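S.K.: Just need the structure, nothing else, for what follows:
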Amino acid sequence: MVQVKALACELPHRLGLPLSRLSVADIRQEVVAQGLVAEISGTTLWRWLHADALRPWQHRSWTFPRDPDFAAKAGRILDLYERLWQGVPLSPTDFVISADEKTSVQARRRKQPTLAVASGPPHARRA
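M.R.: Numbering: from 1, shown residues only. The predicted structure follows:
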């Protein structure tokens, strides 16, 4: 089953198929041709892939990193999620800030003047 799922995640051009998408029938034909299974129904194959949220027949799922250094670059980020930097655990006082460029969000000019900070608890400031 693992080999079938791995094959389903291969880039279509490696299998000699169009880059647009793989169908369940394409995957079924390939797993039988490669001898991974003697026979398998399209329904069973779909169920195996669907159980792991693999949907190669939807072209959006074929977004793969092609940068040869992707693993090293992603590893740094994944380490930060684990609160590690260069193999050393972060202290409780260390913070990780994640910022992402949002190209569709444009900076806007402020329409209202900035107000000074009020004293007291927030619920007491409401009128």
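S.K.: what pLDDT, on average, does the longest helix that the chain contains get?
M.R.: Ordering each helix of the chain by length in residues (DSSP state H) puts helix 70-81 first. Rounded to a whole number, the mean pLDDT of helix 70-81 is 84.
S.K.: can I get the CA coordinates of stretch 85-97 in PDB?
M.R.: Extracted C-alpha coordinates of stretch 85-97, given in PDB (Å, rounded to 0.1, in the frame of the first residue of the first chain):
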ATOM      1  CA  TRP A  85      17.800  26.700  16.400                       C
ATOM      2  CA  GLN A  86      20.900  25.100  14.900                       C
ATOM      3  CA  GLY A  87      20.300  22.000  17.000                       C
ATOM      4  CA  VAL A  88      20.100  23.900  20.300                       C
ATOM      5  CA  PRO A  89      16.700  24.200  22.200                       C
ATOM      6  CA  LEU A  90      15.300  27.700  22.500                       C
ATOM      7  CA  SER A  91      14.900  29.000  26.000                       C
ATOM      8  CA  PRO A  92      11.500  29.900  27.400                       C
ATOM      9  CA  THR A  93      12.300  33.600  26.900                       C
ATOM     10  CA  ASP A  94      13.100  33.100  23.200                       C
ATOM     11  CA  PHE A  95      10.300  33.900  20.700                       C
ATOM     12  CA  VAL A  96       9.900  33.000  17.100                       C
ATOM     13  CA  ILE A  97       8.100  35.500  14.900                       C
END
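S.K.: Contacts for it next, please.
M.R.: Contact partners of stretch 85-97, identified using CB atoms under 8 Å, 6 or more residues apart in numbering, comprise 79-80, 83-84. Every residue, glycine included, has its C-beta placed from N, CA and C.
S.K.: change it to 6 Å
M.R.: Applying CB atoms under 6 Å, 6 or more residues apart in numbering, the external contacts of stretch 85-97 come out as 80, 83.
S.K.: one step back: let me see the residues that make contact with the longest helix of the chain.
M.R.: Applying CB under 6 Å, 6+ apart, the set of residues contacting helix 70-81 from outside is residue 96.
S.K.: The helix or strand following it pairs with which strands?
M.R.: Later in the chain than helix 70-81, the nearest helix or strand by DSSP states H and E is strand 84-85. Taking DSSP bridges as the criterion, strand 84-85 sits next to strand 88-89 (antiparallel) in its sheet.
S.K.: Good, we can wrap up now.
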